[in-house]
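[1] Fold the following and give me the result.
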Amino acid sequence: MGDLIWSFSPWVLFLLATRLTSLSGAVALGVVAALVVAARAIGHHRLHLLDVASVLYFTGLGLALEVVHPASVTYWSRYAQAGSHAFLTLIVLGSVAIGRPFTESYARETTPKELWGTPQFRAVNRQISLVWGLAFLIGTISLIIAGSVTGRPFLLRILVPFGALAWAYSYTQRVITARREAVAGGAAPAAPPPMG
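    Now for the predicted structure:
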């Protein structure tokens with residue numbers, strides 16, 4: 001779970017920085033954080049899809065901001081958080097759609113190799129990835145609405161998106177704990193719990 005937190009850290013930093021600094025400053029922080037996370041992952045020989053996506057997204061966004069007319073940056077700033085959430089939604093749900101849930105590479109770090117191809121391993125990772133995808137989708141919708149209204153609504157920009165991510169994290173922790181307890185008790189691991 002530690003690597004998953006590292007992989008998400010550039011995105012969380014970017015989301016928080018967009019509330020505290022300019023869009024350019026938030027993107028610069030995102031680029032630096034993404035490069036640090038990718039360098040760490042390469043050093044540990046565990047580069048994940050999200051690590052690569054972070055570098056590509058924040059670098060691409062930074063380059064796009066360089067060519068955008070300065071008057072348009074204000075508009076971009078209103079939807080920057082929604083854009084990052086939408087990008088993550090596509091990556092996470094896309095990984096499930098192609099049959100390679102993004103959480104599998106993280107789960108392999110703590111799961112014996114002989115279990116990687118089992119239907120239970122695949123089902124649990126598909127379910128966890130769907131929960132993360134749903135959390136990002138909820139955040140995306142909330143942030144799009146927030147961008148279309150005046151002011152800085154705390155509920156739509158902070159509470160809903162981060163609440164959805166906290167729910168996904170909590171769900172992931174519950175599944176991991178339940179599976180470890182089942183394995184430690186000698187029982188066959190059950191199917192993942194419902195998303196609630």
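
[2] Which residues does stretch 137-155 contact?
    19, 78-79, 81-82, 85-86, 89, 93, 156-157, 160-162, 164-165 (Cβ atoms under 8 Å, 6 or more residues apart in numbering). Every residue, glycine included, has its C-beta placed from N, CA and C.

[3] Distance from the chain centre to that stretch, please.
    18 Å (Cα atoms, centre = their mean, to the nearest Å).

[4] Likewise for stretch 129-136?
    8 Å.

[5] Quick one: mean pLDDT over that stretch.
    What stretch 129-136 shows for mean pLDDT is 97.

[6] Can you show me the CA trace of it as CSV?
    This file holds the C-alpha atoms of stretch 129-136, laid out as CSV (Å, rounded to 0.1, in the frame of the first residue of the first chain):
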residue,chain,number,x,y,z
SER,A,129,-9.6,-0.7,-9.0
LEU,A,130,-13.3,-0.1,-9.7
VAL,A,131,-13.8,1.5,-6.3
TRP,A,132,-10.8,3.8,-7.1
GLY,A,133,-12.3,4.6,-10.5
LEU,A,134,-15.6,5.4,-9.0
ALA,A,135,-14.0,7.7,-6.4
PHE,A,136,-12.2,9.6,-9.1
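
[7] Check whether Arg100 sits in a helix, strand or coil.
    coil (DSSP: H, G, I helix; E, B strand; the rest coil).

[8] Would you check how far apart it and Arg108 are?
    Separation of Arg100 from Arg108 (Cβ to Cβ, to the nearest Å) stands at 12 Å.

[9] Repeat that for Ser148.
    41 Å.

[10] Compare the two (neighbour count), which wins?
    Set Ser148 next to Arg108 and count neighbours by other Cβ atoms under 10 Å: Arg108 wins out with 15 against 11.

[11] Please report phi then psi for the more buried one.
    Arg108 adopts backbone torsions of phi -60, psi -20, taken as degrees, to the nearest 10.

[12] Quick check: phi and psi on the closest residue to it other than its chain neighbours?
    Leaving aside its sequence neighbours, Arg108 sits nearest to Trp116 (Cβ to Cβ, 6 or more residues apart in numbering; 5.9 Å). Main-chain torsions, Trp116, degrees, to the nearest 10: phi -60, psi -30.

[13] what about Trp116, how many residues close to it?
    13.

[14] Give me the distance between the nearest residue to His48 once chain neighbours are set aside and Ser77.
    Distances taken as Cβ to Cβ, 6+ apart place Ser105 nearest to His48, at 5.0 Å, with adjacent residues excluded. Using Cβ to Cβ, we find Ser105 at a distance of 33 Å from Ser77.

[15] More neighbours: which of these two?
    Ser105 (20 against 16).

[16] any idea which element that one lies in?
    In this structure, Ser105 sits in helix 104-107 according to DSSP states H and E.

[17] Which elements pack onto that helix?
    helix 2-20, helix 119-148 (3 or more Cβ pairs under 8 Å, 6 or more residues apart in numbering; DSSP states H and E).
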